[in-house]
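J.: Got a predicted structure plus its sequence, pasted below:
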Amino acid sequence: MLPEDNYSGIIIRKAMLQDLPDIYTIEKLSFKAPYSRQYLIFLLANADVFIVAQLGNRIVGYSCSMLENYKGDLFGHVYSVAVHPEYRRMGLGTLLMQKTIEEFKRLGARTIRLECRVSNTDAIRLYEKLGFRIVSTMKKYYEDGEDAYVFVLTL
Ligand SMILES: CC(C)(COP(=O)(O)OP(=O)(O)OC[C@H]1O[C@@H](n2cnc3c(N)ncnc32)[C@H](O)[C@@H]1OP(=O)(O)O)[C@@H](O)C(=O)NCCC(=O)NCCS
C-alpha cells in the first residue's frame, strides 16, 4: 500500500480501524443512504484501496475501492468517496481520487469504474475533470429510485 503522502498539512494514508468513527461521521453527513458501521468495518478489512485524508488528528475525507475481475480483466471499482462538508472545494476529493487512480495503476487494473447519482453535479464535475467518461445509465439503481451514471476511466 502507498506510503504516507503529505500535501501542505494533509496526509493521505491507508485507512485503519481506528479511523472508523470519523469515516462513519463523514459517511452519514454525505449520503442519503449511508453505509452502515458494520459494512464500513467489512470494507476496512477487505477493500483493496481504502485511503483517508488526515488533517491534524482528524480524518476529513476518504475513498474506498475494490479490485474486481471481469472475464480476466482487472478493474478498480470505487465504492465510495466523500469529504467532510466543512472541507469541500479545497481539492481533497481530487487528491483522494488521484491517489486511488495511482494505486489501481500499481495493482495492474486496466480501468476504473464507479456509479454516481445523476443529480450529483459536484461528483460528476470531479470525475469528468479527472478524465472519467459516462458509459451508461443504470435505471433506478438507488433505493429511492434515482438513476446512476456509470463512469469509466481507462488507465
Ligand atoms: C464529490 C466530493 C467528494 C468532492 O470533494 P471536494 O473535496 O469538494 O472536491 P474538490 O475540492 O477536489 O473539487 C473537485 C472538482 O469537483 C467540482 N466540484 C466540487 N464541488 C463542487 C461544487 N460545490 N460546485 C461545483 N463544482 C464542484 C469542481 O470541478 C472541482 O474542481 P475545481 O475546484 O478545480 O473546479 C464532495 O462534494 C462530497 O463528499 N460529496 C458528498 C459525497 C458524494 O457525493 N460522493 C460521490 C459519490 S458518487
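T.: Done, it's in. Residues are numbered from 1 along each chain as shown.

J.: Closest residue of this protein to the ligand?
T.: The nearest approach of the chain to the ligand comes at Gly93, 2.4 Å away (C-beta to the nearest ligand atom). C-beta: built from backbone N, CA, C; applies to glycine.

J.: Packing partners of the longest strand seen in the chain?
T.: Across the chain, the longest stretch assigned as strand under DSSP state E is strand 58-70. The helices and strands touching strand 58-70, judged by 3 or more C-beta pairs under 8 Å, 6 or more residues apart in numbering; DSSP states H and E, are helix 20-30, strand 49-55, strand 73-83, helix 92-107.

J.: So for Val150, which of the ones you listed sits nearest?
T.: Closest to Val150 of the helices and strands packed on strand 58-70 is strand 73-83 (C-beta to C-beta; 10.7 Å).

J.: any idea which element Ser119 lies in?
T.: In the assignment (DSSP states H and E), Ser119 maps to no helix and no strand.

J.: now for the helices and strands packed on strand 58-70, which one comes closest to Ile10?
T.: Going by C-beta to C-beta, the one of these nearest Ile10 is strand 49-55, 5.4 Å.

J.: Run through the residues of the chain sitting next to the ligand.
T.: Residues of the chain lying close to the ligand (C-beta under 6 Å from any ligand atom) are 30, 81-83, 88-94, 116, 120, 122-123, 125-126, 129.

J.: Tally up the residues packed near Arg106, please.
T.: Using other C-beta atoms under 10 Å, Arg106 is surrounded by 11 other residues.

J.: likewise the one 5 residues further on?
T.: Counted with other C-beta under 10 Å, the neighbours of Thr111 add up to 17.

J.: Repeat that for Tyr24.
T.: Per other C-beta under 10 Å, the neighbour tally for Tyr24 reads 16.

J.: what sits against it?
T.: Pro34, Arg37, Leu40 (C-beta atoms under 8 Å, 6 or more residues apart in numbering).

J.: The second one contacts Pro21, correct?
T.: Same thing as Arg37. No. Between Arg37 and Pro21 there is no contact under C-beta atoms under 8 Å: 9.2 Å.
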